[in-house]
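**Q** after the sequence you'll find the predicted model.
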Amino acid sequence: GGNAEDFLAWFRRMGLGPNELAALAPYLYEDPQKGIDIVRQDGTCSRLLDVYETQRILGKRAPGPAVTIIKNLKQATDNCITGGALSIAP
């Protein structure tokens, strides 16, 4: 299971917040839309998802913070969590 509040609480324990949660929403579940729908329950995340979607549509010209956040999170999780981020999912 999981809802936006659960994910935000989990991300905050890792020192992250709504920006990162919105950026990673499509990767939370095998079905990208499921993650987006759940994260959209939070107002802040919903606005951020709209921003990221706009940036994605604009393409390479505006990779935006989402790309950096995903790269940084992947490096962080690879460095400190055996098995990657999914092994500590709530």
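**A** Nice, thanks for sending it over.

**Q** check contacts around Phe7.
**A** Leu21, Leu28, Ile38, Val39, Pro90 (C-beta atoms under 8 Å, 6 or more residues apart in numbering). (Each C-beta comes from the backbone N, C-alpha and C, glycine too.)

**Q** repeat the analysis, applying 10 Å as the threshold.
**A** Going by C-beta atoms under 10 Å, 6 or more residues apart in numbering, Phe7 touches 16, 18, 20-21, 24-25, 28, 35, 38-39, 41-42, 45, 89-90.

**Q** equivalent analysis for Ala22, please.
**A** Counting by C-beta under 10 Å, 6+ apart, Ala22 makes contact with 36, 39-40, 42, 44-53, 65-66, 69.

**Q** how about a cut-off of 6 Å?
**A** By C-beta atoms under 6 Å, 6 or more residues apart in numbering, the contact list for Ala22 reads Cys45, Leu48, Leu49.

**Q** same question for Leu21.
**A** Leu21 touches Phe7, Phe11, Val39, Cys45, counting by C-beta under 6 Å, 6+ apart.
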